[in-house]
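Trainee: Prediction below, plus the sequence it came from.
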Amino acid sequence: MNPIVYLESSVISYLTAKPSRDVVIAGRQAITSDWWENHRQHFELRVSALVEEEISQGNAMAAQRRLDLIQDIPNLVISDAATELAELLIKQGAVPKGSEEDALHIAIAAAQGVDYLLTWNFKHINNAATRNRIVKIVETYGFTCPLLCSPEELGALT
């Protein structure tokens, strides 16, 4: 079986967004498209109801493009353990208050034994300054922390 990748909402948004004139965003869009076209087949993809909720927001046509993209990707369960772990990540300061959804993405992936959490969220999820704290809390709770990475990083592994 291929490794499991949890697609966080930012990846889906970059993949379906109109091309940006912002250099950084355009670069991330290109990297995400490349990963989707050339690397995703090496992985089992997963999303969650939280991802569906987040990508359903905003412009109705854009939201529908995002939802269409993931329609055949299986959902991970948001278990009680994931909810408790997300609360612990917030309480212990690994993810700041006000970013409960980011903590829940990490916790869903960890509770379901996912290998990689794919994200462009460098602020609260794939953050070098907080990654070690996140991993320690997840492992103390009894789970293995998925590798928190961007499409660029995961593309380099395949």
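Mentor: Great, that's in hand.

Trainee: ok but residue 113 is inside a helix, no?
Mentor: No: counting by DSSP: H, G, I helix; E, B strand; the rest coil, residue 113 is not part of a helix but coil.

Trainee: okay, now it: neighbour count?
Mentor: Residue 113 has 11 neighbours, counted by other Cβ atoms under 10 Å. All C-beta spots, glycine's among them, are computed from the backbone N, C-alpha and C.

Trainee: Go ahead and confirm it touches residue 144.
Mentor: Yes: counting by Cβ atoms under 8 Å, residue 113 does reach residue 144; the two are 7.1 Å apart.

Trainee: Now do the same for the residue of the chain positioned farthest from its centre: helix, strand or coil?
Mentor: Residue farthest from the centre of the chain, counting by Cα atoms, centre = their mean, is residue 21 at 24.2 Å. Under three-state DSSP, residue 21 falls in the coil class.

Trainee: measure it to residue 150 for me?
Mentor: Residue 21 is 21 Å from residue 150, where distance means Cβ to Cβ, to the nearest Å.

Trainee: ok so, going back, can you give me the distance of the residue farthest from the centre of the chain to residue 111?
Mentor: 39 Å.

Trainee: same thing with residue 61?
Mentor: From residue 61 across to residue 111, the span is 33 Å (Cβ to Cβ).

Trainee: Neighbour count for these two, which is higher?
Mentor: With neighbours defined as other Cβ under 10 Å, residue 61 and residue 111 compare such that residue 111 has more, 23 against 8.
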